[in-house]
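**Student:** turn this into a structure:
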Amino acid sequence: MDKLTTVEGRAYPFGMKNVDTDIVIPAHWLKTISRSGLGQGAFEVLRKQPGNVFDDPAYAGSPILIAGDNFGCGSSREHAAWALADLGIKVVIAPSFSDIFSGNAFKNGILTVVLPQDAVDRLMEVAKTDPIHIDLEAQSVTTPFQDRFHFDIDPFRKQCLLGGLDEIGLTLGDADVIDSYEAQQAQERPWIVPSAAPAVA
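**Tutor:** Numbers count the residues shown, from 1 in each chain. Next comes the predicted model:
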């Protein structure tokens with residue numbers, strides 16, 4: 001996955017509370033195993049409403065979503081994170097998240113930022129007119145108006161996002177250790193090494 005260091009841009013001033021994963025991506029989109037194209041189904045029900053924030057040209061391509069309390073509750077569908085990523089969202093800011101959604105978001109390179117409600121309210125106002133800046137290394141969210149909000153993040157998740165390391169990337173980072181172990185096992189227990197298949201006449 002891509003490295004995430006800083007993100008700056010307009011943010012969707014969404015703010016809705018208790019948004020479950022069925023709102024993020026309806027169930028009929030779950031038939032696919034591809035991540036590509038799921039952004040079209042993101043917030044599908046809400047986007048049918050006139051004047052919705054997701055189809056407002058002012059926020060087109062926004063990399064940040066500002067949401068309400070308990071974002072991502074409901075089912076454990078990873079498609080919710082896939083849909084947000086395909087929509088171009090790299091950071092979601094909210095007072096709280098479902099644990100499962102937060103984990104799925106992290107594994108798909110999306111940063112979830114937990115801030116107090118008053119900070120989220122302030123960012124909602126700023127988002128209507130100006131960009132927001134997120135610095136993962138400094139663990140801060142700032143605005144052009146000198147607002148600065150600090151957020152906490154698990155150190156392991158922080159390093160993975162900064163380095164662009166998903167589970168496959170982490171495993172490949174230990175490739176030399178794995179190769180060394182397998183070579184040692186092949187010498188100590190040769191019977192576990194698969195033998196070459198016999199040639200077919």
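
**Student:** identify the bridge partners of Thr6.
**Tutor:** Here Thr6 sits in beta bridges with Asp135, going by DSSP bridges.

**Student:** would you say Ile93 is within a helix?
**Tutor:** No: with DSSP: H, G, I helix; E, B strand; the rest coil as the criterion, Ile93 is located in strand rather than a helix.

**Student:** how long is stretch 70-82 from one end to the other?
**Tutor:** Stretch 70-82 has its terminal residues 19 Å apart, counting by CA to CA, to the nearest Å.

**Student:** off-centre distance for that stretch?
**Tutor:** Average the C-alpha atoms of stretch 70-82, do the same for its chain, and the two points are 11 Å apart (CA atoms, centre = their mean, to the nearest Å).

**Student:** quick check, central residue of this structure?
**Tutor:** Among the residues of the chain, the one closest to the centroid is Ile110, at 2.0 Å (CA atoms, centre = their mean).

**Student:** per-residue pLDDT, Gly37?
**Tutor:** Among the per-residue scores, Gly37 shows a pLDDT of 91.

**Student:** can you give me phi and psi for the nearest residue in space to it that is not next to it in sequence?
**Tutor:** Distances taken as CB to CB, 6 or more residues apart in numbering put Asp86 closest to Gly37, at 6.7 Å, once the chain neighbours are dropped. Heads up, the C-betas are built off the backbone N, CA and C, glycines and all. Here is the backbone geometry of Asp86 (degrees, to the nearest 10): phi -70, psi -30.

**Student:** give the contact list for Pro116.
**Tutor:** Pro116 makes contact with Pro95 under the criterion CB atoms under 8 Å, 6 or more residues apart in numbering.

**Student:** ok, now with 10 Å
**Tutor:** By CB atoms under 10 Å, 6 or more residues apart in numbering, Pro116 lies in contact with Pro95, Arg122, Phe149, Phe151.
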